[in-house]
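> my questions are about this predicted structure, shown below with the sequence.
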Amino acid sequence: MMRGHDVGSAAKEQRASRLVIAIDGPAGVGKSTVAKLLASRLNYLYLDTGALYRATAWAVIESGRDPADAKAVAALLPSLSIQMQLHHGAATVLVNSRDVTGELRTPEVSSAASVVSAIPAVRAWLLPLQRQIGQGGAVVAEGRDMGTTVFPSADVKFFLEADPNVRAQRRHRELVTAGHSGALEETSADLSSRDTRDRSRSIAPLAPAEDARHIDTSNVCAAEVVDQMMAVIAAKL
C-alpha cells in the first residue's frame, strides 16, 4: 500500500498534468502569443476559441449573409462543420473540410467575428464544441469568456489587459506583417468598436472572472507574462 505522502504526491502530479487554464482579455493584449507559449511550456493543448468564432464569421461572409442578421446566421449553422486540428503545436481550422486558417486574421473577418459572436445562437452552437475540446484537461483555453462561461470551473484563470494605444500598435503590426494595409488610427477605431460590442453583448460579455488573476501586458514581453503565469500555476498546486 502506498503511504499517504506518496498518494498525495501522485495525485498532485496527475492534477498538474491535467489542469484547465483560462485566459481572457480584449484584442491586442497578447492573448494568443502568451497562450501558445504557456501551452508549449506546459506541453498542453492550446485552444484558440477566437479561431472558432472567426471560422464561423468567415463562413457567414463566404455565404453572402450579413453578419448582423442573426436569423440568417442561425439558419447557416446546421450546414457548417468546424474542426480544429493540431499538428506539432500548430492549429489548422477547417470549415466543411476546407482549410481556412490563413484567411481568419483579415480585418473583415475580425470585425465580422465580433458581430457574429454576439449572436446567442452562435454562442450556444460553439459552446459544446469548446467544452468537448477541453474536457480532458491539460488545456490552455484563450478567448473572451473562458473563465466566466466556457470553463467557469477552470483550475487557473487569467485576465490580460493593456493600454489601448499599446494594443492598437500591436494589432496594427500584426496586420502589416500579414500583408494588410491600413492606418493605425483605423486599427485603433476598430479595436474600440470591438471592445464596445464584446463588453456590452447580452450573452457572455467580455469581463474578468471573479477569481481571475489580472496581468497588465503593456510594458512586459510575452515570455515575462508567461513567467508570471507559471508562478501563479505553481502556487495553485
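Arrived safely, thanks for sending. Residues are numbered from 1 along each chain as shown.
> tell me the contacts of residue 127?
The contact partners of residue 127, taken as C-beta atoms under 8 Å, 6 or more residues apart in numbering, are 149, 150. Any C-beta I mention is one placed from the backbone N, CA and C, and that applies to glycine too.
> and the longest helix along the chain, average pLDDT?
Across the chain, the longest stretch assigned as helix under DSSP state H is helix 184-200. This predicted structure assigns helix 184-200 an average pLDDT of 85.
> can you list contacts of it?
Identification of contacts with helix 184-200 by C-beta under 8 Å, 6+ apart yields 26-28, 107, 110-111, 114-115, 117-118, 144, 164-165, 167-169, 171-172, 175, 205-207.
> show me the residues you listed that map onto helices.
Filtering the contacts of helix 184-200 for helices - DSSP H - leaves 107, 110-111, 114-115, 164-165, 167-169, 171-172, 175.
> geometric centre of this structure: which residue is closest?
Residue closest to the mean C-alpha point of the chain, counted by C-alpha atoms, centre = their mean, is residue 143 at 2.5 Å.
> quick check, it in contact with residue 51.
No. Applying C-beta atoms under 8 Å as the test, residue 143 and residue 51 come out as separate, 9.4 Å apart.
> my read is residue 94 is in a strand, agree?
Yes. Inclusion of residue 94 in a strand is indicated when DSSP: H, G, I helix; E, B strand; the rest coil is applied.
> who touches it in this structure?
Residues touching residue 94, when contacts are defined by C-beta under 8 Å, 6+ apart, comprise 81, 82, 83, 84, 85, 100.
> tell me the angle the longest helix of the chain makes with helix 107-116.
Angle of helix 184-200 versus helix 107-116, following axes from the mean of the first three to the mean of the last three C-alpha atoms, to 10 degrees, is 20 degrees.
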